[in-house]
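K.L.:
What follows is a predicted protein model with its sequence.
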Amino acid sequence: PPQENPLPVVEVEPLELPLWFLQDAGVNIHPEIPTVEEATSGPLSKENVCKYIEKALDWAKRPLHWPIIFLGLVVFLSGSFVALVFITAVRIEPPETQALVLEVNYQILCGIFTLGGLVAFPRRAWWVSVWCCRRPNPKWIEDFPFHRTHPKSTAAIIIILNMNCLFTFLMAGFMWAYIPNYTDRPPASMGILVPLACLSGMIGGILHGKRKVEWESSPKRDCPDVHNVNGSPQL
């Protein structure tokens, strides 16, 4: 006999959604989609997602990370205000006052991004030196455990993240050089440098995180590292 309240059948592309979430919600999976066991063995498995959440909560509980969280909230609020002004959802009169308020928000964002670049640049420059000298140490291998299986990706990630610092410093130079006469600042300078700095940071961070997650969920992570005759790890 037909069921009174049959569960809906959801048609989605394979691996587009974490299927364990649909299974826990009591949703029937389309037969063309891989089985739950096959689809939940990767980075989006329920176990890995819970692990990521636990790591994020543990990271947020550390007092040393609270300033980073605060700066992130400032970036979110300041960036949201700038976006609202650009889509004319918020308007301040007279126009000169609005331009001044926007400039203050620009300087806040620029200062926070520059601070992040100054903190990250020494370590990223060290990555370049290690890669060029071909002499990694345990800390470098911890940052790039996938360097042997994905050497091109490792080099690309290092270059992109260092370009992020370069674009950030150039942006800060243009921003601070025109503080006395901010209305004379070339619009093209910010229109080019800001997207380049943001995109390089996002792309480099996403690629780095993606490779590390793939490595952590791969059996290759248990393989011993390659050593030379002297016992030191090699790239």
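P.N.:
Cool, the structure landed.

K.L.:
After the lowest-mean-pLDDT helix or strand in the chain, which helix or strand is next?
P.N.:
Using mean pLDDT, DSSP states H and E, helix 36-39 stands out as the lowest-scoring helix or strand of the chain, at a mean of 47. Downstream of helix 36-39, the first helix or strand assigned by DSSP states H and E is helix 46-61.

K.L.:
now for that next one, which elements pack on it?
P.N.:
When contacts are defined as 3 or more CB pairs under 8 Å, 6 or more residues apart in numbering; DSSP states H and E, helix 46-61 sits against helix 19-24. (Glycine included, C-beta is placed from N, CA and C.)

K.L.:
All the helices of the chain, residue numbers only.
P.N.:
Per DSSP state H, the chain carries helices over the ranges 19-24, 36-39, 46-61, 66-86, 95-133, 138-143, 151-177, 187-216.

K.L.:
Reformat these as JSON lines; add mean neighbour count.
P.N.:
JSON lines is the format used below for the helices of the chain (neighbours: other CB atoms under 10 Å):
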{"stretch": "helix 19-24", "mean neighbour count": "16"}
{"stretch": "helix 36-39", "mean neighbour count": "15"}
{"stretch": "helix 46-61", "mean neighbour count": "12"}
{"stretch": "helix 66-86", "mean neighbour count": "13"}
{"stretch": "helix 95-133", "mean neighbour count": "15"}
{"stretch": "helix 138-143", "mean neighbour count": "14"}
{"stretch": "helix 151-177", "mean neighbour count": "18"}
{"stretch": "helix 187-216", "mean neighbour count": "16"}
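
K.L.:
ok, now which ones touch the spatially most central residue of the chain?
P.N.:
The chain has G205 as the residue nearest its centroid, 3.9 Å off, counting by CA atoms, centre = their mean. By CB atoms under 8 Å, 6 or more residues apart in numbering, G205 lies in contact with L161.

K.L.:
for the protein, which spans come out with low pLDDT?
P.N.:
For the chain, applying pLDDT under 70 flags the ranges 1-46, 218-235.

K.L.:
Try it again at 90.
P.N.:
1-69, 71-72, 74-110, 113, 129-154, 174, 177-198, 201, 205, 207-235 (pLDDT under 90).
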